[in-house]
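> Structure of the sequence below:
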Amino acid sequence: MVHFDDLSREDLLKLIEVYAKNWLAHDGCWFLAAEEAFGLDSALDLDTKAWNRFAVAEARRIMKEFNIPDGSGLIGLERALGFRLYAAINKQSIEWIDEHTMVFRMVECRVQKARMEKNLPAFPCKSVGIVEFSQFSRTVDERIRTQCISCPPDPKGDSSCVWQFSID
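Predicted coordinates:
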């Protein structure tokens, strides 16, 4: 039996990617099962409720393990976003507009990319994303405000989604 302590850095990084892909696959399987059982609107409602809880739990764990203090503003949020499971498998970028405003781009999303490759319409994740990104950012710092700039079903530009975070 292989133990984590025996793995090389390269294998540990590979394992992180495998875990992130498995997590995302499970999320997708769960959603499809909910959609098949209850329809798209109910599945989106359940997904929103799940992300409302998960985003907070994910942010808290990241903050604890990487010493990101409560109330650490946009700098803390930038750091925390880099440790999300998404960061291991999706291409992301952050642009600072000024010291009070930061724009996060999901340059390439595995979910949307997979749907495009299967000739399916974009997954309408905006309503879920609003809850997810708002909860995650507010967990880092309750002063942070989240605004959706672009997200399916209302995409603009070439990024999968774009979110603006601001703080006074």
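> what's the residue closest to the geometric middle of this protein?
residue 86 (5.3 Å; CA atoms, centre = their mean).
> did I read that right, residue 93 in a strand?
Yes. Counting by DSSP: H, G, I helix; E, B strand; the rest coil, residue 93 is found in a strand.
> Next up, the contacts around the closest residue to it other than its chain neighbours.
Counting by CB to CB, 6 or more residues apart in numbering, residue 93 lies nearest to residue 105, which is 4.8 Å off, once chain neighbours are set aside. Bear in mind the C-beta positions are built from the backbone N, C-alpha and C, glycine included. With contacts defined as CB atoms under 8 Å, 6 or more residues apart in numbering, residue 105 is in contact with 92-95, 159, 161-163.
> 6 Å instead, please
The contact partners of residue 105, by CB atoms under 6 Å, 6 or more residues apart in numbering, come to 93, 159, 162.
> quick one: which helix or strand includes the last one?
Right, the one you point to is residue 162. According to DSSP states H and E, residue 162 maps onto strand 161-166.
> any idea how far that strand is from the chain center?
12 Å (CA atoms, centre = their mean, to the nearest Å).
> got the phi/psi numbers for the residue nearest to residue 81 when sequence neighbours are not counted?
Using CB to CB, 6+ apart and skipping the chain neighbours, the partner closest in space to residue 81 is residue 104 (6.2 Å). Note on residue 104: backbone dihedrals following degrees, to the nearest 10 are phi -100, psi 130.
> what do you get for residue 124?
Main-chain torsions, residue 124, degrees, to the nearest 10: phi -80, psi 80.
> neighbours of the nearest residue to it once chain neighbours are set aside, just the number please.
Using CB to CB, 6+ apart and skipping residues adjacent in sequence, the residue nearest residue 124 is residue 153, 4.2 Å away. For residue 153, the count of nearby residues is 11 (other CB atoms under 10 Å).
> And for residue 53?
Count around residue 53 with other CB under 10 Å applied: 11.
> just checking, it is part of a helix?
Yes. Counting by three-state DSSP, residue 53 is part of a helix.
> and it, what pLDDT?
The model reports residue 53 with a pLDDT of 97.
> do the same with residue 40
So, for residue 40, pLDDT stands at 89.
> okay, the angle between the helix or strand bottoming out on mean pLDDT in the chain and strand 161-166?
Within the chain, no helix or strand scores below helix 110-117, which has a mean of 86 by mean pLDDT, DSSP states H and E. Interaxial angle, helix 110-117 versus strand 161-166 (axes from the mean of the first three to the mean of the last three CA atoms, to 10 degrees): 150 degrees.
> quick revisit: how close does the residue nearest to the centre of the chain sit to residue 57?
15 Å (CB to CB, to the nearest Å).
> If anything else comes up later, I'll come back, but that's it for now.
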